[in-house]
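Peer 1: Quick one: sequence plus predicted model below, questions after.
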Amino acid sequence: MDDAIRKFEKRHKAVTKRHRQLARGYVTKLGRNGVIQHQPRRQLPGLSLNAILMLIAGLLAFKSFLFVSLGEADYQSRIDALAQGTVIERTGAFIMQIDPATVWISTNIAPLLG
């Protein structure tokens, strides 16, 4: 009896897993024996557009808060110091350089920060 329950649970788990896979999307194909089969659509890993936009918005907000808290001269001196470093530090300096979006955001949040 215990063996039958274990087999049932195993089949139930497989059916539930298959149902969840098919719920995310499927492709219908005709098998070799003429039976119509539903195959789960493959999900390719990657970043969605929403995730990329959130990452850019977070980076701009971080840059703007640093720009406001340090001031323009001190911020630029730190970027210049980064630009003299290794390849990774130069890449960081390029990303963190002052751009129009950072200046616009920082002028709008400066009154809020005091």
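Peer 2: Looks like it came in fine. Residues are numbered from 1 along each chain as shown.

Peer 1: mind listing the strands in this protein by residue range?
Peer 2: In the chain, the segments counted as strands under DSSP state E are 26-30, 36-40.

Peer 1: now for the first one, which elements pack on it?
Peer 2: Read that as strand 26-30. Applying 3 or more CB pairs under 8 Å, 6 or more residues apart in numbering; DSSP states H and E, one finds that strand 26-30 makes contact with strand 36-40. Where you see a C-beta, it was placed from the backbone N, CA and C, and this is true even at glycine.

Peer 1: Please identify the most buried of the strands of the chain.
Peer 2: Mean neighbour count, computed with mean count of other CB atoms under 10 Å, is highest for strand 36-40 among these, reaching a mean of 12.

Peer 1: Return the alpha-carbon coordinates of that one using PDB.
Peer 2: What follows is strand 36-40, C-alpha atoms only, in PDB (Å, rounded to 0.1, in the frame of the first residue of the first chain):
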ATOM      1  CA  ILE A  36      -1.200  15.800 -31.400                       C
ATOM      2  CA  GLN A  37       1.200  16.700 -28.600                       C
ATOM      3  CA  HIS A  38       1.600  19.900 -26.600                       C
ATOM      4  CA  GLN A  39       5.300  20.800 -26.000                       C
ATOM      5  CA  PRO A  40       6.200  23.500 -23.400                       C
END
